[in-house]
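1. model the following, please.
(chains A and B)
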Amino acid sequence: MTLDIKSTIVNSLKSVLADELSAEQITKLLEVPKTSKLGDYAFPTFILAKSRHHAPQKIAAELAEQIDPTPYEKIAATGAYINFFLDKGEFAEAMLHEIISAGNHYGDDNVGQQGNVPIDMSSPNIAKPMSMGHLRSTVIGNSLANILTKIGYQPIKINYLGDWGTQFGKLIVGYHKWGSEEAIKADPIGNLLKYYVQFHEAAEEDPELNDEGRAWFKKLEDGDPEATHLWKWFRGLSLAEFQKIYDRLGITFDSFNGEAYYNDKMDPVVDELAAKGLLEKSQGAQIVNLTAENLTPALIKRTDGATLYITRDLAAAIDRYNKFHFVKSLYVVGSEQTEHFKQLKAVLKKMGDDWADDIIHVPFGLITKDGKKLSTRKGNVVLLDQVLDEAVGLAKEQISAKNPALANANQVAAQVGVGAVVFHDLKNDRMDSFDFSLGEVVRFEGETGPYVQYSNARAQSILRKAQQDVDLNGTLTLVDPAAWDTLKALADFPATILRAAREYEPSVIAKYALRLAKTFNKYYANSKILVVDDQLNARLALVQATSQVLTQALSLLGVQAPIEM
RNA sequence: GGAGCAGUAGCUCAGCAGGAUAGAGCAACGGUCUUCUAAACCGUAGGUCGAGAGUUCGAAUCUCUCCUGCUCCA
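-> Got it, this is the predicted structure:
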């Protein structure tokens, strides 16, 4: 649809420009004006000024005269631009028919051709609470999975849990010293975290504790039954706690293979590196030299023989490739790890794995609290669960105040509260860092998730009151100029999805949803939908199409769209 | 010391591959609920787009230098 219009305009211009510009050049120059008042498409004539030795304004006026206006509502020269106004009725009919008949498949594409795309996302640390910091990776990854599914990819959501490391030795020591089974059962993560913090405080006084911790971790590595049992127990309880949050967010995973899963898969990687002559000794450690790539060396094995993060990640990357033969492998991980992923790709490249090029780090900015990085150990945390509780509570209050008769108030409060938090995290460019502010995150007015949800609920309310379904064979030629911006926004949805996918940027969808909601709010606030005239069916079609697309857009973000609120 | 990211209205941010008077939201001020849910709509006010050079008919947008903040590496 959109493409057809563009090529129509290009042909119109081509007919009066002859050989001055190619169709490709014209297509490239064609732009969308800032406001609909100026037109729907515009062609700037600056480029013709030199060859024609005329002022661009004059050229625009002349050309506008020459073009056959039949396919358009009108053509107007404004300044140096030739502005094309589309035939509103015709456009409306085509768009509304397409959107409503496609239903939830409007905007679908198959550029992905069913290619597998593992997405490394969320990845919280066992025995530590999930903070606002983990939300970003979780919701960005989830949204990207939704977006990629829509355009024909097959995402595989992998929760690469932080379930291995020396901290488990410390936890075991802490548990033995201060813990009890009852306490752990009552509040698993809370108490495990307490032991961990306590351990660090105690170790300041008594450094021997660190040795004890190391010894227990060694036991764990060697498969000691007690250590293994405790580790499994801690891991299982933590996971169950995480699952509660994932349930609230409505997010599922295809794999929970965390760091521990790769314990026995690292030696082969180290062997392969050695066999390919890539390992070098440096100050006792084993490294891969990356000076040629302008990177710091990748530390594969420490002086004491312990493997490092990158070794595990290499094993994981290779494992994922062998399992999925991915077309892309995404890592939704904070921007502070950019260097790490460059190293990872560089080492894989050196190993001869061309698919390293398909590894894509999707970085995001840092959430801080009072300007400082969140740190569980320093107690500078914002617990995700608490933020969600807060948001849902506020949504509940809002409902009591504004719509006390609402039937399923608790469910809607959850949808709105959680939606507000998730949408807030997704609406800005991934790379933007922001300082956490509860008031900002749980806002329901202005450019927020609830604003979009509310717009949709209003649309649904109108449709309910209409007492009649949209007739696809009836009149769809909506000619009301007040509806024009909404109509054009609806037409932008497919291209918006592709752009969001291309840039791995859910905020593109969030901003689109806000724009659509805004233009729709403006429309229905000023125009009565439910009046009986020959345009009623067309107006209802617009309302339905808008609700459909808003719901879809929110769903791509992982946000629910209640039909009443 | 090296690298990455960022710097647009009082605050939080848009501005897609350079184009028509730089746009929203929040906060402020003023309007709109007997009429499809006021979580909304309308209006007023608010900006040397960090600084300087360059490319271009044209730069918030591209290039370079510098300044500031955050992050990472050593």
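2. so after the helix or strand encompassing A:Arg248, what's the next helix or strand?
-> Per DSSP states H and E: A:Arg248 is located in helix A:225-249. Using DSSP H and E, the helix or strand that follows helix A:225-249 in sequence is helix A:266-275.
3. element containing the closest residue to RNA strand B within chain A, please.
-> For chain A and RNA strand B, the shortest gap (C-beta to the nearest atom of the strand) falls at A:Gly446, measuring 2.3 Å. Yep, even glycine has a C-beta here, placed from its N, CA and C like the rest. Under the criterion DSSP H and E, no helix or strand holds A:Gly446.
4. now stretch A:364-381, how far from the centre of its chain.
-> Relative to the chain's own centre, stretch A:364-381 is displaced by 21 Å; criterion: C-alpha atoms, centre = their mean, to the nearest Å.
5. just the endpoints, please. Distance across it?
-> 18 Å (C-alpha to C-alpha, to the nearest Å).
6. what about it, near RNA strand B?
-> Yes - judged by C-beta under 7 Å from any atom of the strand, stretch A:364-381 and RNA strand B are in contact via A:365-366, A:368, A:371-373.
7. which among these count as buried?
-> Among the residues of stretch A:364-381 next to RNA strand B, those classed as buried by 16 or more other C-beta atoms under 10 Å are A:365-366, A:368.
8. how about TSV for the residues you listed, with secondary structure added?
-> Listed next are these as TSV, based on DSSP: H, G, I helix; E, B strand; the rest coil:
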residue	secondary structure
A:Gly365	coil
A:Leu366	coil
A:Thr368	strand
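9. any chance of the residues you listed in a markdown table, with pLDDT and distance to A:Gln453 too?
-> Formatted as a markdown table, these follow (pLDDT from 0 to 100; distance: C-beta to C-beta, whole Å):
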| residue | pLDDT | distance to A:Gln453 |
| --- | --- | --- |
| A:Gly365 | 93 | 25 |
| A:Leu366 | 91 | 28 |
| A:Thr368 | 90 | 28 |
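10. what's the host helix or strand of A:Ser507 in contact with?
-> A:Ser507 belongs to helix A:506-526 when assigned by DSSP H and E. Contacts to helix A:506-526, defined as C-beta atoms under 8 Å, 6 or more residues apart in numbering, come from residues A:139-140, A:143-144, A:147, A:423, A:426-430, A:447, A:451-452, A:455-456, A:458-459, A:462, A:482-483, A:485-486, A:489-490, A:492-493, A:496-497, A:499-500, A:542-543, A:546, A:549-550, A:553-554, A:556-557.
11. before we move on, what about stretch A:365-374?
-> So stretch A:365-374 is in contact with A:131-133, A:135-136, A:334-336, A:380-382, A:430-436, going by C-beta under 8 Å, 6+ apart.
12. so which of those sit within helices?
-> A:132-133, A:135-136 (DSSP state H).
13. which of these has the largest number of neighbours?
-> In terms of neighbours by other C-beta atoms under 10 Å, the ones in helices among the contacts of stretch A:365-374 top out with A:Leu135 at 24 neighbours.
14. show me what contacts it?
-> With contacts defined as C-beta under 8 Å, 6+ apart, the neighbours of A:Leu135 are A:367, A:384, A:421-422, A:425.
15. how far away is it from A:Val421?
-> Plainly put, A:Leu135 is 7 Å away from A:Val421 if you go by C-beta to C-beta, to the nearest Å.
16. show me where chain A has strands.
-> A:41-44, A:72-78, A:81-86, A:116-120, A:154-158, A:279-282, A:285-288, A:298-301, A:329-332, A:359-362, A:367-369, A:372-373, A:434-435 (DSSP state E).
17. lowest-confidence stretch among the ones you listed?
-> Mean pLDDT across those is lowest at strand A:372-373; the value there is a mean of 83.
18. tell me the strands beside it, with direction?
-> strand A:367-369 (antiparallel) (DSSP bridges).
19. can you list the low-confidence ranges for chain A?
-> Chain A contains residues with pLDDT under 70 at A:1-3.
20. so what's A:Ala23 closest to, chain neighbours aside?
-> A:Val10 (5.4 Å; C-beta to C-beta, 6 or more residues apart in numbering).
21. ok, A:Ala76 next?
-> Nearest one to A:Ala76, counting by C-beta to C-beta, 6+ apart, is A:Asn83 at 4.9 Å.
22. rewinding a little: what's the farthest-apart pair in the residues of stretch A:364-381 next to RNA strand B?
-> A:Gly365 and A:Lys372 (14.6 Å; C-beta to C-beta).
23. and stretch A:235-245, what's buried?
-> Here stretch A:235-245 shows A:235, A:237-239, A:241-242, A:245 as buried, counting by 16+ other C-beta under 10 Å.
24. how about that stretch as PDB, C-alpha atoms only?
-> The C-alpha coordinates for stretch A:235-245 follow below in PDB (Å, rounded to 0.1, in the frame of the first residue of the first chain):
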ATOM      1  CA  ARG A 235      19.500 -22.400  42.900                       C
ATOM      2  CA  GLY A 236      16.100 -24.000  42.900                       C
ATOM      3  CA  LEU A 237      14.700 -21.700  45.500                       C
ATOM      4  CA  SER A 238      16.100 -18.600  43.800                       C
ATOM      5  CA  LEU A 239      14.700 -19.700  40.500                       C
ATOM      6  CA  ALA A 240      11.200 -20.200  42.000                       C
ATOM      7  CA  GLU A 241      11.400 -16.600  43.300                       C
ATOM      8  CA  PHE A 242      12.500 -15.300  39.900                       C
ATOM      9  CA  GLN A 243       9.700 -17.200  38.300                       C
ATOM     10  CA  LYS A 244       7.100 -15.300  40.300                       C
ATOM     11  CA  ILE A 245       8.400 -12.100  38.800                       C
END
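25. up against RNA strand B, what does the stretch 301-450 of chain A have?
-> Within the stretch 301-450 of chain A, the positions adjacent to RNA strand B are A:335-336, A:338-340, A:365-366, A:368, A:371-373, A:395, A:398-399, A:402-403, A:412, A:416, A:428-429, A:431-434, A:440, A:443-447, A:450 by C-beta under 7 Å from any atom of the strand.
26. kindly give a single ChimeraX line that selects the buried subset of those.
-> Applying 16+ other C-beta under 10 Å to these leaves a buried subset, and the ChimeraX line that selects it is:
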select /A:340,365,366,368,395,398,399,412,416,443,444,447,450
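27. contacts only, for A:Leu295.
-> Counting by C-beta under 8 Å, 6+ apart, A:Leu295 makes contact with A:339, A:342-343, A:346.
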